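task: produce atomic coordinates for the following.
(one chain, ligands or ions: 1)
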Amino acid sequence: MTRRNFIELAAAGTIAATVDADTGVPWYRKTLRWGQTNITERDPERYDIPWWREYWKRTSIQGVIINAGGIVAYYPSKFPLQHRAEFLNGRDLYGELTAAARADGLAVVARMDSNRTAEDFFKAHGDWFARQKSGEPYRAEDKYVTCVNSPYYDEYLPEVLKEIIERSHPDGFADNSWSGLARDSICYCENCARKFKDQAGAVLPDKKDWSSPAYRKWIEWNYQRRLEIWDLNNRATKAAGGEHCIWMGMNSGSITAESHSFRDLKEICVRSEMLLLDHQSRTETTGFQENGDAGKLVHGLLGWDKFAPESMALYQAPSRAGQMSFRLASKPPAEAQMWMFEGIAGGIQPWWHHIGAYHEDRRAYHTAEPVFRWHKEHEQYLINRQPIAAVGVVWSQRNTDYFGRDDAAALVDLPYRGMTEALIKARIPYLPVNADHISRDASQFKALVLPNVGALSDAQCASIREFIKKGGALVATGASSLYDEWGDSRQDFALADLFGAHAPAPDFGRHAGQPVHSYLRLTPELRSRVGPVLRGFEETDILPFGGTLGSMRLDPGVTVPLTFIPPFPVYPPETAWMRTPKTDIPALVLNGRTAYLPADIDSQYGRDNLADHARLLANLMHWAVGDAMPLEVRGPGLIDCHLYHQNARLILHLVNLSNEAAWRAPIEEWIPIGPLHVKVKLPPHVHAASARGLVSAATMPLSVSNGWASFEVKSIRDHEVIVIG
Ligand SMILES: [Zn+2]
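Sure thing, here's the model as predicted:
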C-alpha cells in the first residue's frame, strides 16, 4: 500500500491509524484526551456531525468513543436481531462518525453494551438469557439480561465485533456493562448449571451463603468467567483488527463496585494496555478526592506508563443516594472541573461525556474546553511520572469480597476512606498498595497502613513482616489480619507478634457497630514519651471515640497511650457522666515500629468527621514516618497533595478542595486559597533551580537548604501544578 493510498483509506474511515507511522507508538500509548457523545436512539435524525467535529477540535481531544452495537446498533448490521436505533432509518451513523474522526486524526473506540437485548432476541434464543430459579428470565425494564455463560458471549458477540471491524476498523472497543449479572443475582440457566458442574464440580448454590464452599466456588467461578470473556473478546478483536485492536470493558474506580460485578481489577489491569474508567462524578460521602485516589490505585496495578482515561459527566449526575440524574441538564462547570482536576492529579486522563448529540441546555459545551486545552498545553508533565509517598495504604479486592461480604461499605470502604481522608487533611501524600504487591512495591514507603484489612493471606502477612524487618513501620487498625483469604477467622491476628496485641474474640471487627457515647483516655505519663502520637492534645485528657472495645491480651513491653472509657448516657444531660472513667482496655498499642489501634478510629473518622480522630491518625503517620515525610504545605485550606518525580524534576499537584459546597454538591463558585508555604524534599537526582506553576504561569522564587526546596504559592483558585527542577 502506498502512503497516498493509506491516507485516502484512512480518510474514508476504512483503516485505523493504529500505530504512529514515525514512532511506532500504538494509539493507546499516545491518546490522552477523549470525548464521548453517548448516542441516544433519537440522535440519528439530528446528529450534526460538522458541529461535533468543531467541538472535538475546540476540546483538543485525540480520541472518540462512538456507539456501535450491542443493546442498540447504530449501523446497518447483518445480524437481524441486533436492535437498530429506533430512528436509524438505515443510516450508518457509527460508520460516518468513524470516518469523520479518522479524517480529523482521532483514535476511534467502538462502544458496545453487551448486557441485554430486546424481546425479539429473547424469543429467538431463550437459552442465551439469564434465568432466575423459577426459570423466569432476569429482566431490566423492557430488556432481557444475557447470560455470560451462553453462546451469546462465546459465539454471537465475537461475530458482531468482527463485523464492526470489517466495516470500519476502529482502533479498539469499549463495552459498557460487559460483566453480566451482578453478584446479587444467581443465574440458574442451563448453561450455568452445566458449566458450573463441569468446571467446579458442584451444583449451583441455592442462595447467598458466604460460609458455604459451593457459594465460594461460585464466586471464584464467576470471577474467572469475566476474565475469560475479557480474553475471548481480545482474541476476537485482535484476530480481525490486528494486534493493537484491543477490547476494554469499562471498570469502576470503586473496588466494592468491582467486587459486586465480579471484575477482578488486578487481573484485568495485568491484561490491559489501557484501562477505561466509568467513574463519572463525586458523591457527597466520598468527595472529589476519591478520584485522585482512584487514579493512584489503578496506576499501582497498571503501571504509571499506561493510560487510564475516565468518563467524566458534564450533565447533572447524582451525588447522593436517591438523587435524580438529569441527563440533559448541565452540571455547574466548577463541579465537573474539580472532578477532572482530582483525576488528573491522580494520573487519570480526561474524557468528556455527553448523553445525547443534541442539547437545548448548551452550557455543558463550555465546561470541558478550558481544562482540556490546559491539559494539552502541559501534557508532558501529566504522564510518564512516578509518584512519591512515604505512606502506602494497603487494600485488596479479596478483603472486600471475603471480609466485607455484604457489608463492605462499612467494614472496608469506611475505614479506608477515613484513613485516607485523614492523610489528605494532613497533606501527607500516600499511595494505595495492593496487598499482593507489598513485596514488589513497599520498599518506596516508610510506613504501611492497614485500615481494618481483615482478610489477609499468610503470604501477604509474610510480606508485611518482611517490610517491618527491613525497617518499615506499620499502622494497623481493628480486625487487620484476623481473617484469612476466605474471611474465615484465625482465632488470633496473624500479625499479633507485630501488634503486641491479641484478638479478644474470633469475630472481632466483623460486625460494624452502632455509634455509642464512648471516649478514649490519654495515659498521662506517656505524653512526653511517645513522640508526636499525642501532639495537640495537651489540653485534654480524653478524646471522643464512638465505638466499643473489650479487654485484649497484650504482650509484655508494649506501650498503651490510649485506653477505652465505656459508653454512658448522652441524654438527659444530668445523666451524661462517666460511670467507669478509667479501664485498662487498650485503644492504641505501640510495639516497636508498629502502632496498632484496636479502636476503629479510621471508621469513626470516615463516619463522623471528628477533628480529633483526623489529628490522631495524622500523628500516628508522623510517628511512623519520622523525618522522612517528603512534603510540607503550610497555610489554610483543604488541599489534596500529589507529588511525582519525572526525570530530573518534581511535579506537585495541589488541588484546592476548600469550597462553598464542601458537603452538599454541586460547587458553583471557587474560593481561592493562599499564600501557601511549600517545602519539598529533593531526591538526589533533582537539582531545584526554579518552581513554576502550570496553572498560574507564575515563577516562584525558590530556596534550597539541607536538601529541601522551599517556595511560596501565592494563590490557588481550583488547582495548581508546580514543576520543580
Ligand atoms: Zn446463566
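
who touches stretch 78-91?
Residues outside stretch 78-91 that contact it (Cβ atoms under 8 Å, 6 or more residues apart in numbering) are 39, 41-45, 69-74, 76-77, 93, 117-118, 120-121, 124-125, 156, 159-160, 163. The C-beta positions use only the backbone N, C-alpha and C, and glycine is treated the same way.

got a list of what the closest residue to Ala308 other than its chain neighbours touches?
Spatial nearest neighbour of Ala308, excluding adjacent residues (Cβ to Cβ, 6 or more residues apart in numbering): Leu275 at 4.4 Å. By Cβ under 8 Å, 6+ apart, the contact set of Leu275 is Met248, Asn251, Ile268, Cys269, Val298, Leu302, Lys306, Phe307, Ala308.

one more time with 10 Å, if that's ok
By Cβ atoms under 10 Å, 6 or more residues apart in numbering, Leu275 lies in contact with 28, 248-251, 253, 265, 268-269, 298-299, 301-302, 306-310, 348-349.

quick one on the thing from earlier: which ones among the contacts of stretch 78-91 also lie next to the ion?
Among those, none lies close to the ion by the criterion of Cβ under 5 Å from the ion.

in helices, which of those fall?
The members of the contacts of stretch 78-91 that map onto helices under DSSP state H are Leu93, Asp120, Phe121, Ala124, Glu159, Val160, Glu163.

buried ones among these?
Applying 16 or more other Cβ atoms under 10 Å to the ones in helices among the contacts of stretch 78-91, the neighbour count classes Leu93, Phe121, Val160, Glu163 as buried.

Lys208: neighbouring residues, count only.
14 (other Cβ atoms under 10 Å).

now it, what's its secondary structure?
coil (DSSP: H, G, I helix; E, B strand; the rest coil).

and what of Tyr596?
Of the three states, Tyr596 takes strand under three-state DSSP.

so who does it touch?
450, 474-478, 480, 493, 495-496, 498-501, 552, 554, 558, 586, 588-590.

need the buried ones among the ones in helices among the contacts of stretch 78-91 in CSV with pLDDT and distance to Asn222, can you?
Putting these into CSV (pLDDT from 0 to 100; distance: Cβ to Cβ, whole Å) gives the following:
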residue, pLDDT, distance to Asn222
Leu93, 98, 35
Phe121, 97, 23
Val160, 98, 23
Glu163, 98, 29
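
farthest pair in those?
Of all pairs drawn from those, the one with the longest distance (Cβ to Cβ) is Leu93 and Phe121, at 21.0 Å.

list buried residues within the contacts of stretch 78-91.
Buried subset of those (neighbour count, 16+ other Cβ under 10 Å): 39, 41, 43-44, 69-74, 76-77, 93, 117, 121, 125, 156, 160, 163.

just the strands in the stretch 101-250 of the chain please.
107-113, 116-117, 139-140, 143-145, 172-175, 246-249 (DSSP state E, counting those that start in this stretch).

ok, now how distant is the residue sitting furthest away from the middle of the chain from Ile542?
In the chain, Glu574 marks the outermost C-alpha relative to the chain mean, sitting 46.8 Å out by Cα atoms, centre = their mean. Per Cβ to Cβ, to the nearest Å, Glu574 is found 20 Å from Ile542.

now Pro506
Here Pro506 is placed at a distance of 31 Å from Ile542 (Cβ to Cβ).

and if you look at Leu32?
Separation of Leu32 from Ile542 (Cβ to Cβ): 52 Å.

before we move on, what SS does the residue farthest from the centre of the chain have?
With three-state DSSP as the basis, Glu574 sits in helix.

with Phe87 instead?
coil.

just give me the neighbour total for it.
Counted by other Cβ under 10 Å, the residues lying close to Phe87 total 15.

now do Pro515
Pro515, neighbours per other Cβ under 10 Å, totals 13.

return the residues in contact with it.
By Cβ under 10 Å, 6+ apart, the contact list for Pro515 reads Phe545, Gly546, Gly547, Thr548, Pro567, Gln604, Arg607, Asp608.

so which bits of this protein are right by the ion?
So the chain meets the ion at Cys147, Asn149, Cys187, Cys189, Cys192 (Cβ under 5 Å from the ion).

who wins on neighbours among those?
Asn149 leads the residues of the chain next to the ion on contacts (other Cβ under 10 Å) with 27 neighbours.

not counting its neighbours along the chain, what's nearest it?
Asn191 is the one closest to Asn149 (Cβ to Cβ, 6+ apart), at 4.3 Å.

same question, Asp608
Nearest non-adjacent residue to Asp608 (Cβ to Cβ, 6+ apart): Gly546, at 6.1 Å.

do the same with His653
Leaving aside its sequence neighbours, His653 sits nearest to Ala345 (Cβ to Cβ, 6+ apart; 3.7 Å).

pop out the phi and psi values for the one you found.
Here is the backbone geometry of Ala345 (degrees, to the nearest 10): phi -60, psi -30.

what does Ile671 give?
As for Ile671, its main-chain torsions (degrees, to the nearest 10) stand at phi -120, psi 110.

wait, doesn't it sit right on Met338?
No - Ile671 lies out of contact with Met338 (Cβ atoms under 10 Å); the separation is 11.7 Å.

now do the shared contacts for the two.
With Cβ under 10 Å, 6+ apart, Ile671 and Met338 have common neighbours Asn656, Asn659, Ala661, Asp718.

ok, now which ones touch the second one?
With Cβ under 10 Å, 6+ apart as the criterion, the residues that contact Asn659 are 288, 334-335, 338, 637-638, 666-671, 673, 718.

for the residue nearest to Tyr381 when sequence neighbours are not counted, which three-state class applies?
Distances taken as Cβ to Cβ, 6+ apart place Ile651 nearest to Tyr381, at 5.4 Å, with adjacent residues excluded. Following three-state DSSP, Ile651 is assigned to strand.

report pLDDT for Ile651.
As summarised for this prediction, Ile651 has a pLDDT of 98.

same question, Arg664
Value for Arg664, per-residue pLDDT: 84.

tell me where the stretch 551-700 of the chain is predicted with low confidence.
Residues of the stretch 551-700 of the chain that meet the criterion pLDDT under 70 lie in 662-663.

many thanks, I have nothing further to ask.
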